[in-house]
Structure formats: structure tokens, C-alpha cells
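Enquirer: Okay, here's the prediction I keep looking at, along with the sequence it came from:
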Amino acid sequence: MSHPAWCELEAANSSDAVLDGYDPASDRWRFPFDGPFWNAVRHAHGLGRRGGGNRVAVIDSRCDLSIPRLGRMVDSIKSYVPRSGEGASISHGTTVALLISEVAPECRVDVYSVVSDGVVDPYAVKDAILDASVSGADVINLSLGTPRKFSFTEEVQKTFSAILQGRSEFSKRRLSPEEPDCVLCDVASVAAAMGKKVFAAAGNASGNVYCPGRHDAVYAVGFMSETRESLPTQDGGQAERALSLAPHAPQAILSDFMIREIAGVLGTSFACPLFAGAAALGVSADELDAYRTSGRAGADAGIFMAMLMATPPKQRDPEMLQRTDELFARAILSLPHAHNGLQAAVSPGLPYTDPAACATCGIFAENVYVNAGLHFLNRGRPKEARTLLETARAIAPWSADAAANLAATYRELGEIPRAKELFEAALCLRPGFQGYQKTLDDLRKRI
């Protein structure tokens with residue numbers, strides 16, 4: 001095995017600012033933890049999924065055990081570097097551990113300290129990953145890595161285009177090849193093969209991607225910006241596309257999971273522990289792989305969907321329409337749970353489960369259900385759209401998008417009273433939204 005390359009904490013300069021947003025005395029943050037991810041997490045907590053019985057290995061700096069919350073949940077700190085000088089870099093590991101606890105408050109945490117005097121020891125990271133791979137941890141969090149150059153070269157664009165067209169399977173390593181292979185990628189893949197769910201920061205710089213996040217066995221996590229698009233429906237009404245991925249940097253195409261930026265929290269170092277925490281709520285590796293496959297297909301379908309909606313209906317490319325159909329179908333079929341008759345019929349080996357009792361599809365699959373339902377509505381298939389959007393409403397009762405798009409579907413089906421009820425629900429979830437209010441006013445005139 002070759003020697004590890006330079007390694008660094010991702011967004012190290014931001015950790016102090018983020019940590020300043022937490023008050024140990026009140027055990028509260030000043031940041032607004034709102035939006036789809038946080039609503040889904042609170043929904044999971046309400047269903048009893050709080051991380052109990054699961055363990056996360058945090059490979060980072062040491063963390064501050066004088067903070068009561070961390071003193072209660074951190075079981076051990078194993079140091080791979082000299083103890084002297086660590087005080088200057090303790091904020092990064094502290095922030096990561098606190099964010100995990102915000103998502104999975106009852107999980108247990110082991111800290112593997114690999115930072116001294118603010119410098120990450122890559123040999124220590126390698127050893128820590130190997131030790132964590134044979135530990136009792138279910139999840140490994142790596143808010144650090146080795147930066148590698150990455151940009152949209154002509155070759156990368158050709159490869160990505162082939163993936164979008166279905167001529168090639170997605171592979172992060174194919175999009176960002178490297179010779180020889182990165183040591184951190186190799187040891188992280190060993191940990192994954194040992195059954196660990198390995199999460200790593202994707203990186204935040206526009207010209208880089210982080211190892212080991214670039215390895216296909218590792219779940220790379222990134223931030224995205226939130227955009228909402230109001231889209232016309234067949235009957236002249238309006239519906240909404242759920243969060244669309246608007247990446248800051250080219251490496252976003254290598255991210256397996258993405259979350260809307262928290263205002264004031266910069267860097268994928270702090271996105272990574274959120275999904276590591278979500279995995280600690282009790283999501284199996286098979287389920288995570290299924291969510292990743294589904295999410296990628298849904299995101300690719302969203303790219304085509306946006307292009308189609310920008311084109312007049314009579315001028316839309318039939319092949320693009322067909323590919324969008326295929327991608328949304330794949331996104332739905334790839335999900336790990338069958339929550340409706342449509343899924344159960346095409347996936348007979350997947351038992352039907354009550355969507356209202358599912359704690360994880362709201363976190364990982366809301367966008368897929370919402371956007372697939374909207375696509376089928378606009379393709380003149382309102383009954384299929386209704387099935388998918390009823391499921392979206394059940395797994396994500398806090399989602400205004402799910403309520404509004406289901407309302408648009410019932411309007412299309414001519415069930416105006418039900419459409420009115422759902423637009424009222426959407427308006428309660430997003431008070432003052434003029435698009436909902438205008439449509440609701442129009443529907444009230446029809447009753």
C-alpha cells in the first residue's frame with residue numbers, strides 16, 4: 001500500500017464560527033434548523049427513531065467533553081497523534097459531534113483523534129479508519145480528506161452525458177480517475193466491505209473533490225442551494241417541483257447525498273455529520289444504497305424535467321420524454337420500501353409497509369416521490385401521480401410541495417373539494433404563499 005497523501009479538515013476555518021452558534025448552557029443553537037431535512041428528522045424522532053442502539057465513529061479532532069451533551073454521548077476518545085497542541089483544533093470535532101447528536105440524539109459516539117496543532121496526520125487517519133472498521137460502530141464520519149483536482153473537462157462532460165443517456169452506469173471513480181489509487185479511498189472501501197456505513201465530505205472548493213468521498217463505496221455528502229420552481233400543469237394550474245439541485249461546484253455531481261445549506265454554516269464538513277446522524281437513526285447499508293440509486297436517478301430525471309418544462313409541449317423531444325419516464329420509473333423502483341400498490345405490483349419481492357410509519361423515506365425520498373408524481377401528472381397520467389403523491393404526503397406530512405402537487409392532481413381528476421382541502425393544507429404549511437392562495441381562490445369559485 002502506498003503512503004497516504006496530504007489530508008486536511010474540510011472547512012476547518014469555519015468550525016469556530018459554527019460552534020459559536022451553540023450555547024452549552026441552554027443546549028440550543030442560534031441557527032434555524034428548518035427545511036425538508038430537519039422536518040423529516042423531527043418526523044423520525046416522533047416515530048421513535050432517535051439513534052438508540054447505534055454507534056458512530058467520528059474521525060476528526062478531539063471534542064469538548066465539558067459540554068454536557070457530548071459528555072453524555074461520547075463513550076471514548078482514542079488518540080492517534082500527540083496530545084499536546086490539540087486544544088487549538090478541538091472545535092472541528094466538537095462541531096461534528098454536536099451536529100450528529102442533533103440528528104441522532106440517542107446514538108453513542110467514539111472519537112478517533114487524528115489532529116494535532118490544527119494539522120491532520122494522514123497516517124493517523126488511515127489507522128483510525130482501519131480500527132473503526134473492526135469496531136462496534138455502525139457509521140463512520142469523515143469530515144476531512146485529501147483534496148484532488150476536479151473540473152468539468154471535455155472528457156468528464158462526455159462521461160456524464162453517457163450516464164444521463166443511460167449508456168453508462170454512474171461511477172464517481174470513472175468521473176474522477178486517479179493513478180495510483182488513494183490510500184484513504186482504499187481503506188475506506190475496506191471499512192465499507194466490513195459493513196460500515198462510511199460518510200465523507202465531498203469538499204467545498206470549486207476545483208477540488210475530496211478523497212475518500214470520491215470512492216463509490218463511500219457516501220459523499222455535499223451542500224446545495226434551495227430553489228423552487230413553479231410549473232404549469234395540464235389543466236392550466238400550477239404545481240411545484242421539490243428541491244432541485246443547484247450545485248455550487250463541479251464536484252456536486254459526485255455527491256451521493258445533499259442537503260440545503262444551513263444559514264451561516266459553511267462547508268461540507270458540516271453536511272456530512274447530518275447524514276451520518278440520519279444513518280444512525282437505523283438505516284441499513286442496503287437501504288442507503290437503494291436511496292442513493294433512487295436519488296441519482298431522480299436527480300438526473302430532474303435535469304431532463306427542467307429542460308422539458310422550458311420547451312413548449314408540442315416541441316418537446318420524444319426521446320427526452322421517454323428517458324425522463326425511464327429515470328423516474330427507476331427512481332421509484334429503486335426505493336427500499338414499497339409504500340403503495342403501484343410499487344408493490346412492480347416489486348413483488350418487496351413487502352408493502354405503511355408509509356405513515358416510515359421514519360426514513362421522508363429524509364431520503366421525499367423529492368423522488370414529489371417530482372415523479374408531478375412528472376406523471378404532466379404526462380397525462382393523473383392516477384399514477386395521485387398514488388405517488390399520496391405516498392409523498394404520508395411520508396412527509398410537513399411537505400407543502402407534496403400537498404400542493406397532490407391538490408393539483410385532484411384538480412386534474414375533477415375532484416375539486418378534495419383539491420381545495422389540500423391547497424388549504426399546503427397554505428398552512430407555507431403561510432402567505434401567493435401561488436397557493438391564488439389557486440385556492442380560483443377553486444373556491446368553482447364550488
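Expert: Structure's in. What do you need?
Enquirer: can we go C-alpha only for contacts and neighbour counts from here?
Expert: Will do.
Enquirer: P24 contacts S66, doesn't it?
Expert: No - using Cα atoms under 8 Å, P24 is not in contact with S66, being 9.2 Å away.
Enquirer: I'd say S399 and L429 touch.
Expert: Yes - with contacts defined as Cα under 8 Å, S399 counts as touching L429 at a distance of 7.1 Å.
Enquirer: Between the two, which is the more surrounded one?
Expert: In this comparison of S399 against L429, neighbours counted by other Cα atoms under 10 Å, the higher total goes to S399 at 25 against 17.
Enquirer: coming back round to it: P24 and S66: which is more packed in?
Expert: Ranked by neighbour count (other Cα under 10 Å), P24 and S66 place P24 first, with 15 against 10.
Enquirer: Any stretches of the stretch 301-447 of the chain with poor pLDDT?
Expert: Within the stretch 301-447 of the chain, the ranges that satisfy pLDDT under 70 run 447.
Enquirer: can you give me the helices in it?
Expert: Listed in chain order, the helices of the stretch 301-447 of the chain (DSSP state H, counting those that start in this stretch) span residues 318-333, 341-346, 361-364, 366-378, 382-395, 400-412, 416-429, 434-446.
Enquirer: which residues touch A188?
Expert: When contacts are counted by Cα atoms under 8 Å, 6 or more residues apart in numbering, A188 is found next to 129-130, 198, 212, 217-218.
Enquirer: roughly how far is stretch 131-140 from the heart of the chain?
Expert: Computed by Cα atoms, centre = their mean, to the nearest Å, the separation of stretch 131-140 from the middle of its chain amounts to 22 Å.
Enquirer: can you tell me the distance between the two ends of stretch 163-183?
Expert: Across its full length, stretch 163-183 reaches 27 Å end to end, with Cα to Cα, to the nearest Å as the criterion.
Enquirer: Likewise for stretch 158-175?
Expert: Terminal residues of stretch 158-175 are spaced 10 Å apart (Cα to Cα).
Enquirer: cool, stretch 113-122 as well?
Expert: This stretch, stretch 113-122, spans 12 Å end to end (Cα to Cα).
Enquirer: avg pLDDT for it?
Expert: For stretch 113-122, the mean pLDDT works out to 91.
Enquirer: which residues make contact with stretch 341-360 from outside it?
Expert: Applying Cα under 8 Å, 6+ apart, the set of residues contacting stretch 341-360 is 40, 43-45, 47, 49, 283, 332-333, 336-340, 384, 387, 391, 394-395.
Enquirer: Give me the buried subset of these.
Expert: 40, 43-45, 49, 283, 332-333, 336-340, 384, 387, 391, 394-395 (16 or more other Cα atoms under 10 Å).
Enquirer: Grab the nearest non-local neighbour of S143.
Expert: Setting aside the residues directly before and after it, S143 is nearest to S269 in space (Cα to Cα, 6 or more residues apart in numbering), at 4.4 Å.
Enquirer: what kind of secondary structure is the one you found in?
Expert: Secondary structure, DSSP: H, G, I helix; E, B strand; the rest coil: S269 is coil.
Enquirer: Spit out the contact partners of it.
Expert: So, once contact is read as Cα under 8 Å, 6+ apart, S269 ends up touching 9-11, 96, 142-144, 201, 203.
Enquirer: pLDDT on the helix or strand A278 falls within, on average?
Expert: In this assignment (DSSP states H and E), A278 forms part of helix 272-279. Throughout helix 272-279, pLDDT has a mean value of 97.
Enquirer: Dump the C-alpha coordinates for it into PDB.
Expert: Below are the C-alpha coordinates for helix 272-279, written out as PDB (Å, rounded to 0.1, in the frame of the first residue of the first chain):
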ATOM      1  CA  CYS A 272     -21.500  15.100   6.400                       C
ATOM      2  CA  PRO A 273     -22.400  14.500  10.100                       C
ATOM      3  CA  LEU A 274     -26.000  15.300   9.300                       C
ATOM      4  CA  PHE A 275     -26.400  12.300   7.000                       C
ATOM      5  CA  ALA A 276     -24.100  10.200   9.300                       C
ATOM      6  CA  GLY A 277     -26.600  11.100  12.000                       C
ATOM      7  CA  ALA A 278     -29.500  10.100   9.700                       C
ATOM      8  CA  ALA A 279     -27.900   6.800   9.100                       C
END
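Enquirer: what packs against that helix?
Expert: Helices and strands in packing contact with helix 272-279 are listed as helix 90-103, strand 139-142, strand 197-201, strand 219-224; criterion 3 or more Cα pairs under 8 Å, 6 or more residues apart in numbering; DSSP states H and E.
Enquirer: The first one to helix 272-279, inter-axis angle?
Expert: Comparing the axes of helix 90-103 and helix 272-279 via axes from the mean of the first three to the mean of the last three Cα atoms, to 10 degrees yields an angle of 30 degrees.
Enquirer: can I assume T159 is in contact with R173?
Expert: No - contact criterion Cα under 8 Å: T159 and R173 do not qualify, at 11.3 Å.
Enquirer: Settle it for me: which of those two has more neighbours?
Expert: Set side by side, T159 and R173 show more neighbours around T159, with 19 against 14, by other Cα under 10 Å.
Enquirer: Which residues are in contact with that one?
Expert: The contact partners of T159, taken as Cα under 8 Å, 6+ apart, are 168, 174-175.
Enquirer: Kindly reformat the residues you listed as CSV and extend each row with distance to P36 and pLDDT.
Expert: Rendered in CSV, the data for the contacts of T159 read as follows (distance: Cα to Cα, whole Å; pLDDT from 0 to 100):
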residue, distance to P36, pLDDT
S168, 31, 85
R174, 31, 84
L175, 29, 84
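Enquirer: Give me the subset of those residues lying in helices.
Expert: When DSSP state H defines the helices, the subset of the contacts of T159 inside them is 174-175.
Enquirer: quick one on the thing from earlier: give me the lowest-pLDDT entry from the contacts of S269.
Expert: Summarising pLDDT for the contacts of S269: the lowest-scoring member is A11, with 82.
Enquirer: Now do the contacts for the residue nearest to that one when sequence neighbours are not counted.
Expert: With sequence-adjacent residues excluded and distances taken as Cα to Cα, 6+ apart, A11 is closest to G267, at 5.0 Å. The contact partners of G267, taken as Cα under 8 Å, 6+ apart, are 10-11, 14, 203-204, 223.
Enquirer: What's the per-residue pLDDT of A239 here?
Expert: Residue-level confidence at A239 comes out at 60, pLDDT.
Enquirer: Over to the one 5 residues further on?
Expert: On pLDDT, S244 comes in at 48.
Enquirer: now swap in the one 4 residues further on and tell me
Expert: We note a pLDDT of 49 for H248 in this prediction.
Enquirer: ok, now the one 3 residues further on?
Expert: According to the prediction, Q251 has pLDDT 69.
Enquirer: What score does the closest residue to L274 other than its chain neighbours have for pLDDT?
Expert: The spatial neighbour of L274 that comes closest, neighbours along the chain excluded (Cα to Cα, 6+ apart), is I100 at 5.7 Å. Here, the pLDDT recorded for I100 equals 98.
Enquirer: And for the one 5 residues further on?
Expert: According to the prediction, P105 has pLDDT 98.
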